[in-house]
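S.K.: Make a model of this:
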Amino acid sequence: MRTRLLALCLLLTAACTPKTPVTGSWDLCPQPRNLEENGESFMLKKAFPKGITTVIDASLGQELKPFQQAECYRLEVTSKGIRLTAATETGILRGMQTLEKALPATLQEGEAAVLPGAAVYDYPEFPYRAFMLDCGRHFFPVETIKKVLDILALHQVNEFHWHLTEDQGWRLEIKKYPKLTEIGSWRAGSPVAGQPGHDGVPVSGFYTQEEARDIVAYAAARGIEVIPEIDLPGHMKAALASYPELGCTGGPYEVACEYGVLDDVLCAGREHTLEFVHDVLEEVMDIFPSRYIHLGGDECPKVRWEACPHCQAKIKELGLKADGHKTAEELLQSWFMDQAIAQLEASGRQAIIWNDVLVDWSNEVIGAPSKKAVIAGWMRPVSTEIAVREGYEAILCPVGHLYLSAADGNALKGDAYFRRVYDLPVPEGILGVEACLWSERVPNEEDILWKLLPRLSAVSELQWNPQARNYEGFLPRLQRMEALYTARGWNWNPAE
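M.R.: Predicted coordinates for the structure are as follows:
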């Protein structure tokens with residue numbers, strides 16, 4: 001059946017030959033799926049307008065060969081002009097991002113851009129291509145978040161996973177619970193390696209709901225969905241400091257100045273804890289229109305639940321019993337997460353949870369969360385494989401390869417710096433691939449970019465078309481991307 005598609009085309013008029021033309025390149029990351037240079041070239045009198053909100057001619061209902069999926073696009077460059085067609089506006093954005101990268105990185109006054117002629121037919125392997133930024137341990141201003149989104153757009157990343165809550169800080173305004181930001185967004189200091197206590201330098205900040213909506217709109221204009229994370233029931237000490245009645249012991253609690261896995265977590269046996277989670281998620285869904293909402297679920301010790309009469313009463317009420325693989329408290333976490341998962345599903349959303357709720361470090365299946373949730377496999381690649389085997393949609397994001405802030409990864413130099421990311425095997429049947437940047441040792445924008453670039457070039461190839469990966473072919477594309485980073489004034493790590 002012939003499909004009526006939205007066709008958007010960009011036609012540029014050739015300019016007079018200037019004195020000093022500068023030639024662009026198709027050495028890009030991610031590498032387009034199908035690209036054939038035709039020996040022609042097209043000259044622009046001045047640089048292609050930057051940004052994705054560029055005005056382009058549009059026509060509706062033109063008959064085209066059907067595209068494979070929503071992000072697919074066709075780009076044709078000849079001596080007569082540039083033509084970009086796609087089935088959707090998102091496809092047009094992806095084509096525009098490719099075109100912007102192909103043009104010269106810098107143009108001086110009096111120079112013109114020459115774009116080598118080519119035919120590109122391109123689409124991604126995975127519908128989920130994400131980058132996560134932890135704003136819980138350190139707060140980053142709106143301007144920094146927008147710069148990160150610009151970087152993600154350049155690499156065809158389509159999901160921004162925004163980690164907004166932690167033991168060390170609650171970063172999102174929740175109107176029904178104002179103390180979350182009045183108390184929970186401030187801590188007295190951060191740990192100092194090898195020393196007791198903390199450095200005494202306060203860390204604070206949170207995003208108003210208006211600011212969060214602004215970031216959602218900014219991302220959407222770049223073809224990026226913002227996925228908020230409210231990490232529960234662990235990593236919640238900032239919330240407990242704000243509302244002590246949410247914990248098993250009742251406190252008192254303080255916003256954590258130390259990092260690591262902390263024993264104090266939300267009480268799974270108290271009804272008002274479930275009410276709190278429900279209320280927070282209702283406000284989160286009102287702010288963020290994303291299909292996915294991340295519920296965390298990682299690193300939740302059970303020591304408080306084991307001693308808590310409310311949690312033990314809930315275990316008895318639900319009839320949860322330990323077996324050779326799962327403790328009653330681990331099953332309680334699955335039940336607790338399922339309450340939030342069901343709430344999201346009833347609102348037309350889908351939960352993402354870390355693999356801890358399903359599988360542990362020994363690769364043992366320890367939980368039974370709802371199959372409606374997506375499992376993010378962070379512990380190791382096999383965590384994602386197990387999730388797929390158990391019947392879940394799953395995301396590949398192993399700490400040893402795709403945690404861009406991991407200490408051992410930061411120590412890698414030269415080829416090893418990129419090969420760990422670039423050569424990661426991709427399991428079959430996954431939803432997508434995600435890179436994560438945790439902020440324990442990343443306190444500012446300069447450090448974010450230093451950890452992110454140029455590793456995101458390798459990640460983007462893993463996400464877009466993993467079957468076509470070729471490391472020797474990647475290196476010249478990497479050099480091209482580094483030139484683009486320099487031209488934009490972005491801080492990047494040469495990894496010498």
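S.K.: What about residue 90, how many residues nearby?
M.R.: Neighbours of residue 90 under the rule other CB atoms under 10 Å: 18. (Each C-beta comes from the backbone N, C-alpha and C, glycine too.)
S.K.: wait, it sits on residue 71?
M.R.: Yes. Using CB atoms under 8 Å, residue 90 is in contact with residue 71, at 5.5 Å.
S.K.: Spit out the residues that contact those two alike.
M.R.: Overlap of the contact sets of residue 90 and residue 71 (by CB atoms under 8 Å, 6 or more residues apart in numbering) consists of residue 223.
S.K.: least trustworthy helix or strand in the protein by mean pLDDT?
M.R.: strand 58-59 (a mean of 36; mean pLDDT, DSSP states H and E).
S.K.: What's the first helix or strand after that one?
M.R.: Using DSSP states H and E, the next helix or strand after strand 58-59 towards the C-terminus is strand 73-78.
S.K.: Can you mark which positions in that following strand are buried?
M.R.: 73-77 (16 or more other CB atoms under 10 Å).
S.K.: Check stretch 210-219 too.
M.R.: In terms of neighbour count (16+ other CB under 10 Å), stretch 210-219 has its buried residues at 211-213, 215-216, 218-219.
S.K.: Flag the shaky bits of the stretch 351-496 of the chain, pLDDT-wise.
M.R.: Applying pLDDT under 70 to the stretch 351-496 of the chain flags residues 407-414, 495-496.
S.K.: Strands of that one, start to end?
M.R.: 374-377, 393-396, 432-437 (DSSP state E, counting those that start in this stretch).
S.K.: Residue 312: what secondary structure?
M.R.: helix (DSSP: H, G, I helix; E, B strand; the rest coil).
S.K.: got the contact list for it?
M.R.: Going by CB under 8 Å, 6+ apart, residue 312 touches 269, 305-306.
S.K.: So which of those is the closest to residue 154?
M.R.: residue 305 (44.6 Å; CB to CB).
S.K.: Give me the neighbour count for that closest one.
M.R.: Per other CB under 10 Å, the neighbour tally for residue 305 reads 27.
S.K.: Quick check: the gap between it and residue 234.
M.R.: Residue 305 is 11 Å from residue 234, where distance means CB to CB, to the nearest Å.
S.K.: Residue 124 now?
M.R.: According to CB to CB, residue 124 and residue 234 sit 33 Å apart.
S.K.: if we can go back for a sec, for the buried residues of strand 73-78, could you give me CSV that also reports distance to residue 238?
M.R.: Shown next, in CSV, are these (distance: CB to CB, whole Å):
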residue, distance to residue 238
73, 43
74, 48
75, 46
76, 52
77, 51
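S.K.: Take the residues you listed and lay them out in CSV including pLDDT and distance to residue 294.
M.R.: Listed next are the buried residues of strand 73-78 as CSV, based on pLDDT from 0 to 100; distance: CB to CB, whole Å:
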residue, pLDDT, distance to residue 294
73, 92, 29
74, 92, 34
75, 92, 33
76, 92, 39
77, 93, 39
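S.K.: Three-state assignment for the residue nearest the centre of the chain, please.
M.R.: What sits nearest the mean C-alpha location of the chain, by CA atoms, centre = their mean, is residue 131, with 2.5 Å. On the three-state scheme (three-state DSSP), residue 131 is labelled strand.
S.K.: and it, what pLDDT?
M.R.: Listed pLDDT for residue 131 reads 98.
S.K.: So it versus residue 120, what's the distance?
M.R.: 24 Å.
S.K.: same thing with residue 160?
M.R.: Note on residue 160: its distance to residue 120, by CB to CB, is 25 Å.
S.K.: What of residue 229?
M.R.: Distance of residue 229 to residue 120, computed by CB to CB: 35 Å.
S.K.: Which of these two has more residues huddled nearby?
M.R.: A count of neighbours by other CB under 10 Å puts residue 229 above the other of residue 229 and residue 120, at 27 against 22.
S.K.: Ignoring the adjacent residues along the chain, who's closest to that one?
M.R.: Of all residues not flanking residue 229 in the chain, residue 294 sits nearest, at 3.6 Å (CB to CB, 6 or more residues apart in numbering).
S.K.: for residue 201, same thing?
M.R.: residue 189 (5.4 Å).
S.K.: wait, doesn't that neighbour sit right on residue 195?
M.R.: No. Using CB under 8 Å, residue 189 is not in contact with residue 195; the gap is 11.3 Å.
S.K.: So for those two, which residue has more residues nearby?
M.R.: A count of neighbours by other CB under 10 Å puts residue 189 above the other of residue 189 and residue 195, at 14 against 8.
S.K.: where does that one land on pLDDT?
M.R.: 96.
S.K.: Now do it against residue 257, distance only.
M.R.: 5 Å.
S.K.: now residue 470
M.R.: Counting by CB to CB - residue 470 and residue 257 are separated by 46 Å.
S.K.: More neighbours: these two, which one.
M.R.: The neighbour comparison of residue 470 against residue 257 (other CB under 10 Å) goes to residue 257, with 18 against 11.
S.K.: ok, the more buried one - contacts?
M.R.: Per CB under 8 Å, 6+ apart, neighbours of residue 257: 168, 187-191, 197-198.
S.K.: Now, of these, which are buried?
M.R.: Among the contacts of residue 257, those classed as buried by 16+ other CB under 10 Å are 168, 187-188, 190-191, 198.
S.K.: so what's the residue lying closest to residue 453 once chain neighbours are set aside up against?
M.R.: Leaving aside its chain neighbours, residue 453 sits nearest to residue 492 (3.7 Å; criterion: CB to CB, 6+ apart). Shown in contact with residue 492 (CB under 8 Å, 6+ apart): 449-450, 453-454, 482, 485-486.
S.K.: Now which of these would you call buried?
M.R.: Among the contacts of residue 492, those scoring as buried are 449-450, 453-454, 482, 485 (criterion: 16+ other CB under 10 Å).
S.K.: Let me have the residues you listed in TSV, extended by distance to residue 383.
M.R.: Listed next are those as TSV, based on distance: CB to CB, whole Å:
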residue	distance to residue 383
449	29
450	28
453	27
454	27
482	32
485	32
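S.K.: Sort out for me which of those are in helices.
M.R.: Members of those lying in helices (criterion: DSSP state H): 449-450, 482, 485.
S.K.: thought residue 433 was touching residue 463?
M.R.: Yes. When contacts are counted by CB under 8 Å, residue 433 is listed as touching residue 463 (4.6 Å).
S.K.: for the stretch 51-200 of the chain, what spans make up the helices?
M.R.: With DSSP state H, counting those that start in this stretch, the ranges of helices along the stretch 51-200 of the chain come out as 89-102, 142-154, 179-182.
S.K.: Please point out which parts of the longest one sit buried.
M.R.: Taking 16+ other CB under 10 Å as the neighbour-count basis, helix 89-102 is seen to contain the buried residues 90-102.
S.K.: ok, residue 27 touching residue 474?
M.R.: No. Assessed by CB under 8 Å, residue 27 is found out of contact with residue 474, at 9.6 Å.
S.K.: out of these two, which sits in the busier spot?
M.R.: Legend: neighbour count by other CB under 10 Å for residue 27 and residue 474, higher for residue 474 (21 against 18).
S.K.: any idea how far the more buried one lies from residue 95?
M.R.: Applying CB to CB, the value for residue 474 to residue 95 is 22 Å.
S.K.: hmm, back to that, please enumerate the shared neighbours of residue 189 and residue 257.
M.R.: 197-198.
S.K.: Dump the strands of the stretch 351-496 of the chain into CSV; add distance to residue 150 and mean neighbour count as well.
M.R.: Formatted as CSV, the strands of the stretch 351-496 of the chain follow (distance: least, CB to CB, whole Å; neighbours: other CB atoms under 10 Å):
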stretch, distance to residue 150, mean neighbour count
strand 374-377, 25, 26
strand 393-396, 23, 25
strand 432-437, 16, 24
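S.K.: Since that was my last question, I'll sign off now.
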